[in-house]
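Participant: Provided below are the primary sequence and the corresponding predicted coordinates.
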Amino acid sequence: MYFTTAIAVAAGLSLAFGILYFFVGLRRTSHRRLNLVFAFFSLAYAAAIMAARAGYLADTVDQYATAAQVSTFFAAIGFSLLGWFVAAYTSVRPRVLLVAITGAFAIVAVASVFFPDLVVDVSAGVGQVTLPWGETLLMNEGEDPPLLSLYLLALLAVVVYIIVADVIQFRRGDRRDAVILAIGIAWFVFTIIQENLVVLDVIDFVWLSDFGFLGFVLVMSLSQANIVIETEEELRDYEASLESMVDDRTSRLQEAQEQLVEQAEEQAANAERSRLARDLHDVVTQLLFSINLIAGSLPRLWRSDPEMAGRSTDELQRLTRGALAEMRTLLRELRPHTIADTDLNTLVTQLTDGLAARHDIPANVHTDVNRDLPPDVHLALYRIAQEAMNNVAKHANASSLVVGLTGNDGRVHLSVTDDGYGFDPAEVSSDHMGLDIMRERASDIGADLAVTSERDAGTTVDVTWSDPAHG
């Protein structure tokens, strides 16, 4: 049983490769059509030679005829798929020829199902053939079936097309792929020649046509495996390249982000300098102008009205103190780190003096914080006091201001009270963000902020911070 066993082994190999590349084609988008067409060709070839083997081992003529019909059906499908596989493999696609070949094999396949007498003629019966080593097989002794010529013509067209496509592929420069295809088809051509020599009694051996495409399946499966491996290597190289590109782009983005941060900081610094320059011009310049006017008029006043000169001297002192306070405040804004280095009592006093000088508001300030505060608490209380006094300057139209800052080891209290217009806290619109900013600053340090105000009754801002370390 060497011959039929060898056929079974060949069918098993073709079936295995067919199943393998069927799933490869389903799972991979790369070369999907090529893998799927090759998989269906291998499966059809396996089915064809297994049906032929069943015919060799049949017990009756009917069994032999059925096996031959099935074998012809799958062989016709397989040869048709072979043409389309070579078209995908070589990129040589004469569509008219391929459609004509597919149509011819389709006629044979349909006839094998519905008109079996056209493809298998067992009217003369079948006979046993003994192989050189004693194995016996059943063979058809009838006449050639009507569709045999069409079948052989389509088969010849497929073989010629494969050879021509292989030559074109080789001349195009795809020499490795062309050589692989030539090796695969060479075995089939050899088996055809060998079978004809056996039929002509030139040699005494078995028919090898059933093994004709086994070499093709083996060689092309290895080629497809190599394509898969190369694709994996390309994907790994691409992944490595992509990671390198991502790292490079990330580095560039970080550099760009750093540049943007520097630009933003520079723009913010420029904007702050512009604001301070405006404040210097609008506030300090006006104070200095007023000081200059009063100082210029003092000699005349001392001669004509000493009492008025005394009052002007007091006003000159107030304006000078306010201008000095404003200058110190502006200088600290230019160098923010000095805010943390300056005593909070001094900061609040200077803010109050500056406000009193700018708007001619009598101010009473009392500060008595006798401890060092945490930097965040120090800065937050300063900013809250600054914002509260800005609100007085912008909205209150106050005639007096009282500022208090007291504190000991466990508690610090800041209050800013004016006798201005006041307001209804429930009617403050969302675009007035001063109160919200003060509340956020107080919340950040865990302080309590209370704003008390009534229309025409002034406003009081109270901030109380308790040191968590003292319970």
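Facilitator: Sure thing, it's come through.
Participant: where do the strands sit along the stretch 51-200 of the chain?
Facilitator: Along the stretch 51-200 of the chain, the segments classed as strands by DSSP state E, counting those that start in this stretch run 126-130, 136-140.
Participant: so which residues of the stretch 1-150 of the chain form helices?
Facilitator: 2-27, 32-56, 61-90, 95-114, 148-172 (DSSP state H, counting those that start in this stretch).
Participant: what comes up buried for the first one?
Facilitator: When burial is assessed from 16 or more other C-beta atoms under 10 Å, helix 2-27 yields the following buried residues: 3-4, 6-7, 10-11, 13-15, 17-18, 20-22, 24-25. Where C-beta positions appear, they are placed from N, C-alpha and C, glycine not excepted.
Participant: between the helices of the stretch 1-150 of the chain, which one is closest to D418.
Facilitator: D418 sits nearest to helix 2-27 of all the helices of the stretch 1-150 of the chain, at 77.8 Å, using C-beta to C-beta.
Participant: returning to what we had before: which pair in the buried residues of helix 2-27 spans the largest distance?
Facilitator: F3 and G25, at 32.7 Å, using C-beta to C-beta across the buried residues of helix 2-27.
Participant: got phi/psi on D174?
Facilitator: phi -90, psi 60 (degrees, to the nearest 10).
Participant: grab the nearest non-local neighbour of it.
Facilitator: T90 (7.7 Å; C-beta to C-beta, 6 or more residues apart in numbering).
Participant: nearest residue to A87 other than its sequence neighbours?
Facilitator: Looking at A87 with C-beta to C-beta, 6+ apart, the closest residue is R93, at 4.6 Å.
Participant: sorry, wrong one. I was asking about I180.
Facilitator: S223 (4.7 Å).
Participant: surely that neighbour is in a helix?
Facilitator: Yes: counting by DSSP: H, G, I helix; E, B strand; the rest coil, S223 is located in a helix.
Participant: that one: neighbour count?
Facilitator: Per other C-beta atoms under 10 Å, the neighbour tally for S223 reads 20.
Participant: equivalent analysis for H413, please.
Facilitator: The local packing of H413 (other C-beta under 10 Å) involves 18 other residues.
Participant: give me the buried stretch members for the helix or strand hosting it, please.
Facilitator: Using DSSP states H and E, H413 sits in strand 411-418. Buried residues in strand 411-418, defined by neighbour count with 16+ other C-beta under 10 Å: V412, H413, L414, S415, V416, T417, D418.
Participant: which of the three states applies to the spatially closest residue to the last one that is not a sequence neighbour?
Facilitator: Closest residue in space to D418, ignoring its immediate chain neighbours: A398 at 3.7 Å, by C-beta to C-beta, 6+ apart. Classification of A398 into helix, strand or coil gives coil, according to three-state DSSP.
Participant: contacts only, for A398.
Facilitator: Going by C-beta atoms under 8 Å, 6 or more residues apart in numbering, A398 touches I361, V392, D418, D419, G420, G458.
Participant: tell me, how many residues neighbour the last one?
Facilitator: It stands for G458. 22.
Participant: distance of it from K394?
Facilitator: 15 Å (C-beta to C-beta, to the nearest Å).
Participant: same deal with the third one?
Facilitator: D418 sits 11 Å away from K394, going by C-beta to C-beta.
Participant: then the first one?
Facilitator: Counting by C-beta to C-beta, the gap from I361 to K394 is 13 Å.
Participant: equivalent analysis for F115, please.
Facilitator: F115 is 103 Å from K394, by C-beta to C-beta.
Participant: comparing the two, which residue is more hemmed in?
Facilitator: Counted by other C-beta under 10 Å, F115 and K394 do not tie: F115 has more neighbours, with 13 against 10.
Participant: quick one, phi psi at that one?
Facilitator: F115 adopts backbone torsions of phi -130, psi 70, taken as degrees, to the nearest 10.
Participant: can you tell me the closest non-neighbouring residue to L98?
Facilitator: For L98, ignoring the flanking residues on the chain, the nearest one in space by C-beta to C-beta, 6+ apart is G83 at 5.4 Å.
Participant: thought the one you found was touching V99?
Facilitator: No: contact criterion C-beta atoms under 8 Å: G83 and V99 do not qualify, at 9.8 Å.
Participant: more crowded one of these two?
Facilitator: Shown here are G83 and V99; by other C-beta under 10 Å, G83 has more neighbours (25 against 11).
Participant: so how many other residues sit close to G127?
Facilitator: Neighbour tally, G127, other C-beta under 10 Å: 10.
Participant: residues contacting it?
Facilitator: By C-beta under 8 Å, 6+ apart, the contact set of G127 is L138, M139, E141.
Participant: let me know the closest of those residues to I183.
Facilitator: After measuring the contacts of G127 against I183 - C-beta to C-beta - the closest member comes out as M139, at 30.6 Å.
Participant: correct me, but that closest one touches V126?
Facilitator: Yes: counting by C-beta under 8 Å, V126 is a contact partner of M139 at 6.3 Å.
Participant: where's H366 relative to V412, distance?
Facilitator: For H366, the distance to V412 (C-beta to C-beta) stands at 14 Å.
Participant: what residues are shared contacts of the two?
Facilitator: Common contact partners of H366 and V412 (C-beta under 8 Å, 6+ apart): L405, T406.
Participant: and the strands of the stretch 51-200 of the chain as a markdown table, adding distance to L43 and mean pLDDT?
Facilitator: Below are those laid out as a markdown table (distance: least, C-beta to C-beta, whole Å; pLDDT from 0 to 100):
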| stretch | distance to L43 | mean pLDDT |
| --- | --- | --- |
| strand 126-130 | 28 | 79 |
| strand 136-140 | 25 | 79 |
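Participant: would you mind finding the most buried of those strands?
Facilitator: Highest mean neighbour count of these: strand 136-140, a mean of 17 (counted as mean count of other C-beta atoms under 10 Å).
Participant: if we can go back for a sec, for A58, find the nearest of the strands of the stretch 51-200 of the chain.
Facilitator: Closest to A58 of the strands of the stretch 51-200 of the chain, according to C-beta to C-beta: strand 136-140, at 5.4 Å.
Participant: tell me what angle that closest one forms with strand 126-130.
Facilitator: Here strand 136-140 points in a direction 140 degrees away from that of strand 126-130 (axes from the mean of the first three to the mean of the last three C-alpha atoms, to 10 degrees).
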